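1. Here's a sequence, model it:
(chains A and B)
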Amino acid sequence: MTNEALQNLIGGWFPNPEADKVPAAVTDSESEEDSGDNQVAQQQVNPSLLEFTEEGSEHLNISVHSHLLHQLMSTLKENAATRFDYLFCLSGVDWGEELGVVYHLESTTHRHIVVVKVKTDGRENPTLDSIYDIWATAEFHEREVYDFFGIKFNNHPNLKRLFLTEDWVGFPLRKDYVDDINMIIK
Amino acid sequence: METTTVNSNFKSEKYQINMGPQHPATHGVLNLLLTIDGEIIKKVEPDLGYIHRSIEKMCERDSYQQIVHLTDRMDYLSSNINNEAVCLTVEKALQLAIPERVKVIRTIIGELTRISSHCLWWGVMGMDVGALTTYFYGFRDREMINDIMEETCGARLTMNYNVPGGLMFDIHPNFVKRVKDFIAHFKTKLPEFDTLLTENIIFQKRTKGIGILTREDAISFGASGPVARASGYSCDVRKYHPYSALDRVTFKEALRTEGDTFARYSVRIQEMWESLSIVEQLIDNIPEGEHRVKTNAVIKLPKGEFYQKVETARGELGVYVISTGTKSPYRLKFRSPGFSNLSLLNHIAVGGKIGDLVATMATLDLVIPDIDR
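-> Predicted coordinates for the structure are as follows:
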């Protein structure tokens, strides 16, 4: 499926209830391609609860709010038209204000790729839903993210540090991590 | 298997035992915490991090040329392919047109690296299940590839031959001849691999029907490379997302459906034949031209996100770069094949014996620095 077709399909799964109430947004919801991140579209009500971007990336990027994450992920896998059954990369990212996780998904039947991005609420107590029950590989990858970014995953069966020792202080891949002895800063 | 009482004084119960970090079968510093009942494995918990160097964090302060040098310290047996992965990512982001000569040489060297890695794996695999002879045969043939690499790249293990924009220097004048000599030599030696080990009945009994991984589980656990292909899951990145000169060669993806240890073994033997065929198709047709295109001394990638996957000897390596337009990446993630392949070890080892675990681990072909990064 092309990126555009994927966007139209996936965008329709999570319609924004606000979109129907505002008259100005009705025309907008007919053409869902406008739901990207250009500034005009952001001022109007987004017809979908998901945000789509393709800026600087060859794959379709979906930004999702953390409370919809698990629902979106399981639909992406179960839906016959998308069937994203192969989670090939799960990376934690420190965005500054908040932390985030980026999921790279591929379908082994349709061979299309999509990137799902989710951000946590702040840096103090970052929490996301675990998706290990959808893709078994996420169990290890989420432990790695917890180890280096300190993002806690709800319902994770065995959330403890993977590489570092249990008594390690801090989360090394965060941008504000300081270690005067072991880190060489240029 | 049920807990049995041998006699009233001795009752079997579960206990934990450490396999590693210095166990010969773990091929590096990997510690497996085994929960066993007698000799039956109940749980395998990998304890990682003994050689974690935080390459991803180091990348955030390094230039893109420097990052290439870090990658062959990950999966050191696929070092050329790792280097290529980073170079391809940078070139994709800069939209550099790479000369045909570079593409062909990269593919030849990549496939030679794969053969060399599989030779080592084959030797060690035999040793793990008790056949020391294979170790010497495997290293004998690998030595020839190392010599070719040494002549052209100047190094035998950590090549650093790829740079963003091409190759560090052109191939050595002897390169084509020596590769042809190697192909002729290896074609007579590869059948020996089969007669020495594959057809050995003791070896077959130790590997057939153990460590079974189904196709669904392989996909769910994110398995890739020979591990996944032995379960009938067609996932060769060289087929689905061809890079460099792989779009102009014909080769068969090695596939098996049994999913057991022997299937994983057979897939790798088959892959060596296919790699030989790829090298053969390209070695006479290396185009003339530049071996490198000029890039800026300080490479700055445009703002955005870039993902490149390549097929290393162990599976799918992914390089995910988030760039903010500076000379270093904002975030760089290596999706390493060994990490995902290790995550399924517990799933396929439970219920088997410790001896089977050794054989199963040998066919997962783990390289620990690749997992620990």
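
2. got the residue ranges for the strands in chain A?
-> For chain A, applying DSSP state E gives strands covering A:51-53, A:60-64, A:86-94, A:99-106, A:113-119, A:127-129, A:152-154.

3. before we move on, what about chain B?
-> With DSSP E as the criterion, chain B has strands at B:5-7, B:10-11, B:14-19, B:31-37, B:40-47, B:162-163, B:166-167, B:304-311, B:316-323, B:331-335.

4. nearest to B:Ser224, of the strands of chain A?
-> Nearest to B:Ser224, of all the strands of chain A, is strand A:86-94, at 7.5 Å by CB to CB. Placement of C-beta: from N, CA and C, glycine included.

5. Could you name the helices and strands sitting against the closest one?
-> In terms of contacts (3 or more CB pairs under 8 Å, 6 or more residues apart in numbering or on different chains; DSSP states H and E), strand A:86-94 is packed against strand A:99-106, helix A:138-149, strand B:316-323, strand B:331-335.

6. What strands line up against it, and which way round?
-> Looking at strand A:86-94 with DSSP bridges, its partner strands are strand A:99-106 (antiparallel).

7. So which residues make contact with the partner strand?
-> Contact with strand A:99-106 is made by A:59, A:73, A:76, A:84, A:86-94, A:112-120, A:123, A:126, A:128, A:131, A:145, A:149-151, A:174, B:307, B:318, B:320, B:335, as judged by CB atoms under 8 Å, 6 or more residues apart in numbering or on different chains.

8. Up against chain B, what does chain A have?
-> A:55-59, A:61, A:85-89, A:91, A:93-94, A:102, A:104, A:108, A:111, A:115, A:135-137, A:139-141, A:144, A:162-165, A:172-173, A:183-186 (CB under 8 Å from any CB of the partner chain).

9. go again using 6 Å as the cut-off
-> Selection of chain A residues close to chain B by CB under 6 Å from any CB of the partner chain yields A:56-57, A:85-89, A:91, A:93, A:108, A:135-137, A:140, A:162-163, A:173, A:186.

10. about what we covered before: make a markdown table from the helices and strands packed on strand A:86-94 and add mean neighbour count, mean pLDDT and distance to B:Gly222 to it.
-> Supplementary listing: the helices and strands packed on strand A:86-94 in a markdown table, determined by neighbours: other CB atoms under 10 Å in any protein chain shown; pLDDT from 0 to 100; distance: least, CB to CB, whole Å:
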| stretch | mean neighbour count | mean pLDDT | distance to B:Gly222 |
| --- | --- | --- | --- |
| strand A:99-106 | 23 | 90 | 10 |
| helix A:138-149 | 23 | 90 | 8 |
| strand B:316-323 | 24 | 90 | 9 |
| strand B:331-335 | 24 | 91 | 9 |
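
11. Make CSV from those and add distance to B:Asp194 to it.
-> Below are those laid out as CSV (distance: least, CB to CB, whole Å):
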stretch, distance to B:Asp194
strand A:99-106, 34
helix A:138-149, 35
strand B:316-323, 27
strand B:331-335, 33
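
12. Which stretch among these approaches B:Ala218 most closely?
-> For the helices and strands packed on strand A:86-94, proximity to B:Ala218 was assessed by CB to CB; strand B:316-323 is nearest, at 12.2 Å.

13. could you give the angle of that closest one to strand B:331-335?
-> Strand B:316-323 and strand B:331-335 are oriented at 170 degrees to each other (axes from the mean of the first three to the mean of the last three CA atoms, to 10 degrees).

14. Quick one: list the elements packing against strand B:316-323.
-> For strand B:316-323, the packing partners by 3 or more CB pairs under 6 Å, 6 or more residues apart in numbering or on different chains; DSSP states H and E come out as strand A:86-94, helix B:79-94, strand B:304-311, strand B:331-335.

15. B:Ile212: which of those is closest?
-> Nearest of the helices and strands packed on strand B:316-323 (CB to CB): strand A:86-94, 20.1 Å.

16. hey, what's the residue of chain B found nearest chain A bridged with?
-> Closest contact between chain B and chain A, by CB to the nearest CB, is at B:Gly304 (2.1 Å). Beta-bridge pairing for B:Gly304 (DSSP bridges): B:Ser323.

17. Per-residue pLDDT of the spatially most central residue of chain A, please?
-> Ranked by distance to the mean C-alpha position of chain A (CA atoms, centre = their mean), the top residue is A:Lys117 at 2.2 Å. Note on A:Lys117: pLDDT of 88.

18. was I right about B:Gly259 contacting B:Ser231?
-> Yes. Assessed by CB atoms under 6 Å, B:Gly259 is found in contact with B:Ser231 at 3.9 Å.

19. Can you check which residues contact both of these two?
-> The contact sets of B:Gly259 and B:Ser231 overlap at B:Leu213 (CB atoms under 6 Å, 6 or more residues apart in numbering or on different chains).

20. Any regions of the chain where pLDDT drops low?
-> Just so you know, I chose chain A. For chain A, applying pLDDT under 70 flags the ranges A:17-48, A:54-57, A:186.

21. hm, I was asking about chain B
-> Ranges of chain B meeting pLDDT under 70: B:1-7, B:10-11, B:25-26.

22. who's in contact with B:Gly338?
-> By CB under 6 Å, 6+ apart, the contact list for B:Gly338 reads B:Arg314, B:Leu366, B:Val367, B:Asp370, B:Ile371.

23. still on that earlier bit, which of the helices and strands packed on strand A:86-94 sits closest to B:Lys189?
-> Distance to B:Lys189, taken as CB to CB, is lowest for strand B:316-323 among these, at 28.0 Å.

24. The residue of chain B closest to chain A: neighbour count?
-> Using other CB atoms under 10 Å in any protein chain shown, the number of residues around B:Gly304 comes to 15.

25. Over to A:Arg111?
-> Close neighbours of A:Arg111, defined as other CB under 10 Å, add up to 11.
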